[in-house]
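**Student:** Provided below are the primary sequence and the corresponding predicted coordinates.
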Amino acid sequence: MGHAFSDTLGRIPIRWKLAGGSALLTLIILCGFAVAVGVLTTQRIQDDFEQDVREAADQLREDYTVVKYLRLEDGFGRLRGYKILAARPSLDTFVSGAADDAHARIISPSTRQVLRKTKGAPDLGPPLAKTVKYEDMLVENRAITLRDGGQLFVQFARPKDAVSATAQRVRLFLVGGVIGGAGLALLAGLMIARRAMSPIISLTETARDIERTRDPARRIDLGGLPDDEVTDLARTLDGMLQALSAARGEQEAMLVRQREFVADASHELRTPLTSVLANLDFLAETLTGDQGDAAASALRSSHRMRRLVQDLLLLARADARRVTAHEPLDVADVLVEVASELEPMTQGHEISVDAQHAYVDGARDELHRLALNLMENAVKHTPDGTHIRATVARDNGIVRLTVADDGPGIPSDLRDKVFERFVRGEGDRGGSFGLGLSIVRAVAESHGGSVALESDNGHGTTFVVTLPSAESHNS
């Protein structure tokens, strides 16, 4: 659970983290402020409410005068109660001026008889103390003395719902203020974070452009950036890019020199190898016995070495961008020559050629090597009895040279590597160097074309070379 939460949090953009953190901190501060203000305000509202009720009760006691009353006694002269005949002011008049929700009563403490009350006044309880919270009412009791020394009580009351409603409105206002303040803090944080992150966004876009173009020579625009940590980061990245650009230039120069050296060395090796081959060929023909066998073995190894040198020379020229002179030639003629050359070595394979005349601008030796490597690859890596089909076709300015077989196919783990150098599959019966298909790709690309592989295990292999057609010779 913790790991999943950490992953989710890690995917949140930094500007949202900054704005969210600011909003959360603001929310915490506002919550504390709201709680304190709410408690103090509610208490003050409660105190003001009680104070208003007390003052109204005191005022009623001072203003209320019993002008005429009747003392009620029993047969033994004992007080049985009072009956108010005239009094001022009217309780309804006084209460309407004090508060809309107030109530008042005149009550006899001994008999608890209600002598006067406002319209709709509820039961306010007995006058046991000066201030009483009776049910949902705050009741203030005040004594008034009659002329005969007797006492009556004035009860003034207001429901506590009024102060509760006011306190609830205050709480809602504070909650709304907290939420609104946190929301504004979030928006302000997003604006500030976006402004603060804009230089980093610019750095990210520049880095993506460099990743896409692979050009470390690109510079980072430092104009308009404030002198802060982001600018220091930008300067550091710009310096790193300059160092990488310089290192890349040095590396490319070194690779160019290396390719030139390999191409020159491979070219220079051809002359001594030709001389060695001629001498070994002469020795193999003139010597007999063990010496003749040794000379023949050396001759075979030298032929193999010459083939390797020629392959390396071709690849080195391609790496060094050395272009061999091109001329218009018919790819069909090249394919027929290769098939004729391989016919004695097919080892039981069935080869069929369907070549439509198609001209390209190319180097005959290199295209010959391309077709030869594809067909040799099919012969070497398929069992006897495999059918190999080689075709040449022209379509909309494109020449396609296709070599397909119905052999076992190429394993899936080798399909992405077959065009790399020195890669050989299991069961290679030809003793190859693993350069054949890399030469195919190098020749195709040096002629402005490409090569593609189609293969499934157990369903054969197909190589398709596409080359731009020389239209003037195809018309």
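**Tutor:** That came in fine, so what should we check first? Numbering: from 1, shown residues only.

**Student:** can we go C-alpha only for contacts and neighbour counts from here?
**Tutor:** Noted.

**Student:** list the contacts for Lys125?
**Tutor:** No Lys there; residue 125 is Gly. The contact partners of Gly125, by CA atoms under 8 Å, 6 or more residues apart in numbering, come to Tyr134.

**Student:** Would you confirm that it belongs to a strand?
**Tutor:** No. Assessed with DSSP: H, G, I helix; E, B strand; the rest coil, Gly125 is coil; it does not lie in a strand.

**Student:** And the strands in the stretch 201-350 of the chain, which stretches?
**Tutor:** 327-330, 350-355 (DSSP state E, counting those that start in this stretch).

**Student:** could you say what helices and strands the shortest one packs with?
**Tutor:** This means strand 327-330. strand 359-362 (3 or more CA pairs under 8 Å, 6 or more residues apart in numbering; DSSP states H and E).

**Student:** which residues touch the strand it packs on?
**Tutor:** Contacts for strand 359-362 (CA under 8 Å, 6+ apart): 325-331, 399, 447, 467-471, 473-474.

**Student:** Equivalent analysis for stretch 335-353, please.
**Tutor:** Contacts to stretch 335-353, defined as CA under 8 Å, 6+ apart, come from residues 355, 368, 371-372, 375-376, 379, 383-391.

**Student:** Can you tell me which of the contacts of strand 359-362 has the largest number of neighbours?
**Tutor:** Val331 (29 neighbours; other CA atoms under 10 Å).

**Student:** Please pick the buried ones from the contacts of stretch 335-353.
**Tutor:** Among the contacts of stretch 335-353, those scoring as buried are 355, 368, 371-372, 375-376, 379, 386-391 (criterion: 16 or more other CA atoms under 10 Å).

**Student:** Looking at the residues you listed, which is nearest Ser96?
**Tutor:** Proximity of the buried ones among the contacts of stretch 335-353 to Ser96 (CA to CA) peaks at Thr391, which lies at 112.1 Å.

**Student:** Leaving out the residues flanking it, which one is nearest to the closest one?
**Tutor:** Asp354 (4.7 Å; CA to CA, 6 or more residues apart in numbering).

**Student:** do Ala332 as well
**Tutor:** Ala355 (5.0 Å).

**Student:** about what we covered before: of the strands of the stretch 201-350 of the chain, give the one that comes closest to Glu454.
**Tutor:** strand 350-355 (19.0 Å).

**Student:** Any regions of the stretch 201-350 of the chain where pLDDT drops low?
**Tutor:** Within the stretch 201-350 of the chain, the stretches with pLDDT under 70 are 220-227, 255-271, 273, 277, 303-304, 306-323.

**Student:** What segments of it are helices?
**Tutor:** For the stretch 201-350 of the chain, helices defined by DSSP state H, counting those that start in this stretch occupy the ranges 229-286, 289-319, 331-342.

**Student:** As CSV, the buried ones among the contacts of stretch 335-353 with secondary structure would be great.
**Tutor:** Formatted as CSV, these follow (three-state DSSP):
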residue, secondary structure
Ala355, strand
His368, helix
Ala371, helix
Leu372, helix
Met375, helix
Glu376, helix
Val379, helix
Thr386, coil
His387, strand
Ile388, strand
Arg389, strand
Ala390, strand
Thr391, strand
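
**Student:** so which of the strands of the stretch 201-350 of the chain comes closest to Ala162?
**Tutor:** Across those (criterion: CA to CA), the nearest stretch is strand 350-355, sitting at 103.2 Å.
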